[in-house]
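>>> Here is the input, now give the coordinates:
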Amino acid sequence: MAICLAALCAGSVNAQNPKLPKKVENVTILDLNGDPASLPYWGEKNLMIFYIDPDKHKQNQNFTDEMEANHKAEGENLYGFGIMNLKDAPMVPNSVARSMAKKRTEKNGATVLADQNLEVAKAWGLGDCNNMFVLLVVTKEGELVYCKKGELSRADIDDFYKFIEKYK
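Residues are numbered from 1 along each chain as shown. Sure thing, here's the model as predicted:
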C-alpha cells in the first residue's frame, strides 16, 4: 500500500477532537478528476485517512516519509489514503491542488480524494481542521476510533504505530 501525501497527524485525542469511538458514515466527495467518489474500501477494510489542508501539506513531512519508507502502518486489513481539505485552502485553486496531487499519485500510486466543502469534517463532527493535518482511523464497521490534529512529536508517532497494530 502506498502511503503518501506530504503530511500527517497522529497521537492521542485532545479537546478539539470528537469523542471516540463514534459511528460515522461514508461520504461522497470528489476524485482528482472532480467526479463524485465515495471513500475506498468502506466496510471492507480499516481506513487510515490523512485529511490534509493543502496550506500545511508539509506538516509532519518526516513522519510521512518514515511511513512510506518503512511500511510501519501497512497490513492486509488496513488501507491508507489522503483527502485534501480544499475548503480551508482558499488561496490554492482547487484545480491546481488536484493537478499537483495527480502528479504525486502517478509517482507513488497513492489514492487521494478532494473535499471541497468540508463534507468529511461536517459529517464526522471533526471541528476545525483549518491549517491542520488530521490523521483518522475508521474501522471497517464504520467507527471513527482515532483522530489527531497538528504537529507530531516523536512520542505521538511511536504511540500511533502501537495504536495501529490492531487494525492492520
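
>>> who touches the helix ranked longest in the chain?
When the chain is parsed with DSSP state H, its longest helix is helix 94-108. Helix 94-108 has contacts (C-beta atoms under 8 Å, 6 or more residues apart in numbering) with 2, 4-5, 32-34, 54, 68, 82, 84, 86, 89, 110-112, 114, 116. For glycine as for every other residue, the C-beta is placed from the backbone atoms N, C-alpha and C.

>>> Okay, and which of those map to helices?
residue 68.

>>> Could you turn the buried ones of the contacts of helix 94-108 into a PyMOL selection?
Only the buried entries of these go into this PyMOL selection, using 16 or more other C-beta atoms under 10 Å:
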select buried, resi 4+5+32+54+68+82+84+86+89+110+111+112+114
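
>>> Give me the subset of the contacts of helix 94-108 that lies in strands.
82, 84, 112, 114 (DSSP state E).

>>> Now flag whichever of those residues is closest to residue 22.
Nearest to residue 22 among the ones in strands among the contacts of helix 94-108, counting by C-beta to C-beta, is residue 82 at 21.6 Å.

>>> May I have the longest helix of the chain exported as CSV, CA atoms only?
Output in CSV follows, covering the C-alpha atoms of helix 94-108 (Å, rounded to 0.1, in the frame of the first residue of the first chain):
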residue,chain,number,x,y,z
ASN,A,94,-8.9,23.5,-6.4
SER,A,95,-7.8,22.7,-9.9
VAL,A,96,-4.2,23.4,-9.0
ALA,A,97,-4.3,21.3,-5.9
ARG,A,98,-5.9,18.4,-7.8
SER,A,99,-3.3,18.7,-10.5
MET,A,100,-0.4,18.6,-8.0
ALA,A,101,-1.9,15.6,-6.3
LYS,A,102,-2.3,13.8,-9.6
LYS,A,103,1.4,14.3,-10.3
ARG,A,104,2.3,12.9,-6.9
THR,A,105,0.0,9.9,-7.1
GLU,A,106,1.4,9.0,-10.6
LYS,A,107,4.7,8.6,-8.9
ASN,A,108,3.7,6.7,-5.7
